[in-house]
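*Asks:* The amino acid sequence is not available; the structure is as follows:
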């Protein structure tokens, strides 16, 4: 079993969709929300995923294909 | 010794030991160094600081490392230049330029890497690492060389040769990654997870970011032990922006200066302005962006401290400007032509933003204002190469010189009068 920590960012048109629910049902991963916020401009969730490493990646690829931005929780690590 | 007592979560305030940790295990919030300020207040004084080295290490009492083991390239204590020409041009009564272009590797990154590398060695690491498009790579490479540590420096494979050279000269393991920005980002996060290296802006980030506070300390000391009314600071990850203010507030807390009422304003390029955009929208949540600007040292589309920068903007009554690439070039030229300081593109962003903030009334003309110039212009020559004056080509005869410049008897006589 592997774990991965990610930050998901949702554009306004995605905010009302049950994407994290579907992520946990369509893929064999456990989703665990640690922090989140939403307003009319953007929504974000800091999430821990637990499961097979390949299944986690497939799940995150699916979320990205839906239009969700997936980032490491550290933000951008490439600096100037 | 250090007066740092723990790493504390910025969200839930849970505390952790002073180890190579950067994320709270409970809420995944970022960790930050916490200090025993009562002990610092007893130990420090204006005299003790003034008698210290003319580097950032004069503030060792405020840093989360054992200064006796420091890796020291003599970073910091850079000039705070009183501006007359630029101030007059902008209509400001009291403007200062914090000239951090003169650090050992010509950017403010030497401050943060000095702390991160010192702490890394203190924690037993023998390897320093980073992912960077320029300034950070240069500084990590140099500090590792000074410390006798191994260095792994990840850079995008399409980086300009001048920037590569600025790291390569120090002989790190230089890894040019073929891939887009997001792919480089992801690879570096995975490498940091796998290898027992001190990744300066990942696993030792709580120490790294503390180095930026020295810019706040220096500003207060160099202003004659007072805080400015207004600071204009470039925003990339948002760390520098928040830490300068933290430094000012800490000096207030330990009694070195009076009450701090500084307004903090940010500067971003239009092509990478997640914080400025959220500020304009009145939101505390920024939307990550794909950077597209000549100000590459500020091209962080998903800033780690973006939320904290927004919070600070709001709390201090500051503002956040964003400027076009054309304005960035004009800003670089304006600073050079008025104050004799050649800044990199980030400096152009700051000066153009300063101009915008004054013109829109966000900075009052009587406010004591400090603009932070964080990197030297020779690093980004290509940005202005086609926008500067061209040489007058003349043959080696006095007549040819005078003819080319349109000089004659009149100019010689007026010069003679001035000499008398």
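*Replies:* Thanks, I have it. The structure presented is a predicted model; accordingly, all values stated were derived computationally and were not measured.

*Asks:* before we move on, which element is residue A:20 in?
*Replies:* Element membership of residue A:20, judged by DSSP states H and E, is helix A:19-26.

*Asks:* in that helix, what's buried?
*Replies:* Judged by neighbour count using 16 or more other Cβ atoms under 10 Å in any protein chain shown, the buried positions of helix A:19-26 are A:19-20, A:23-24. Using the backbone N, CA and C atoms, a C-beta is placed for each residue, glycine as well.

*Asks:* Now residue 8. Nearest residue, chain neighbours left out?
*Replies:* Going with chain A. Excluding its sequence neighbours, the residue lying closest to residue A:8 (Cβ to Cβ, 6 or more residues apart in numbering or on different chains) is residue A:45, at 4.8 Å.

*Asks:* right idea, wrong chain: chain B
*Replies:* Closest to residue B:8 by Cβ to Cβ, 6+ apart is residue B:34, at 4.2 Å.

*Asks:* Near the one you found, how many residues? Count them for me, please.
*Replies:* 19 (other Cβ atoms under 10 Å in any protein chain shown).

*Asks:* Same question for residue A:55.
*Replies:* For residue A:55, the neighbour count with other Cβ under 10 Å is 15.

*Asks:* So for it, what's the nearest residue that isn't a sequence neighbour?
*Replies:* Spatially, and ignoring its direct neighbours in sequence, residue A:55 is nearest to residue A:28 (5.0 Å; Cβ to Cβ, 6+ apart).

*Asks:* Quick check: the gap between that neighbour and residue A:19.
*Replies:* Counting by Cβ to Cβ, to the nearest Å, the separation of residue A:28 from residue A:19 is 17 Å.

*Asks:* Return the residues in contact with the residue nearest to residue A:8.
*Replies:* Neighbouring residues of residue A:45 by Cβ atoms under 8 Å, 6 or more residues apart in numbering or on different chains: A:7-8, A:10, A:20, A:33, A:35-36.

*Asks:* Give me the ChimeraX select line for those, limited to the buried ones.
*Replies:* Remark: buried members of the contacts of residue A:45, expressed as a ChimeraX selection using 16+ other Cβ under 10 Å:
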select /A:7,8,10,20,35
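
*Asks:* What about the contacts of residue A:45, which are in helices?
*Replies:* residue A:20 (DSSP state H).

*Asks:* and the stretch 301-420 of chain B, which residues reach chain A?
*Replies:* By Cβ under 8 Å from any Cβ of the partner chain, the part of the stretch 301-420 of chain B that sits against chain A consists of B:301-306, B:346, B:375.

*Asks:* residues contacting the residue lying closest to residue B:257 once chain neighbours are set aside?
*Replies:* Computed as Cβ to Cβ, 6+ apart, the closest residue to residue B:257 that is not its neighbour in sequence is residue B:251, at 4.6 Å. By Cβ under 8 Å, 6+ apart, the contact set of residue B:251 is B:216-217, B:220, B:227, B:257, B:260.

*Asks:* Let's see that with 7 Å instead.
*Replies:* By Cβ atoms under 7 Å, 6 or more residues apart in numbering or on different chains, the contact list for residue B:251 reads B:217, B:220, B:257.

*Asks:* List buried residues within the residues you listed.
*Replies:* Buried residues within the contacts of residue B:251, counting neighbours by 16+ other Cβ under 10 Å: B:217, B:220, B:257.

*Asks:* So for the first one, what's the pLDDT?
*Replies:* Residue-level confidence at residue B:217 comes out at 98, pLDDT.

*Asks:* Count the residues that sit near residue B:243.
*Replies:* If you count neighbours by other Cβ under 10 Å, residue B:243 ends up with 24.

*Asks:* same question, residue B:10
*Replies:* 16.

*Asks:* Indicate the residue of chain B located nearest to chain A.
*Replies:* Proximity of chain B to chain A (Cβ to the nearest Cβ) peaks at residue B:297, 2.8 Å away.

*Asks:* List the contacts of the closest residue to that residue other than its chain neighbours.
*Replies:* In space, and not counting its chain neighbours, residue B:297 is closest to residue A:80: 2.8 Å by Cβ to Cβ, 6+ apart. Neighbouring residues of residue A:80 by Cβ under 7 Å, 6+ apart: B:132-136, B:236, B:296-299.

*Asks:* Closest one to residue B:413 out of those residues, please.
*Replies:* residue B:297 (48.7 Å; Cβ to Cβ).

*Asks:* how far away is that closest one from residue B:218?
*Replies:* From residue B:297 to residue B:218 the distance is 20 Å (Cβ to Cβ).

*Asks:* Sort out which residues of the longest helix seen in chain A are buried, please.
*Replies:* Assignment by DSSP H gives helix A:53-65 as the longest helix of chain A. Neighbour counts using 16+ other Cβ under 10 Å place A:56-60, A:63 of helix A:53-65 among the buried residues.

*Asks:* Kind regards, and thank you for your time.
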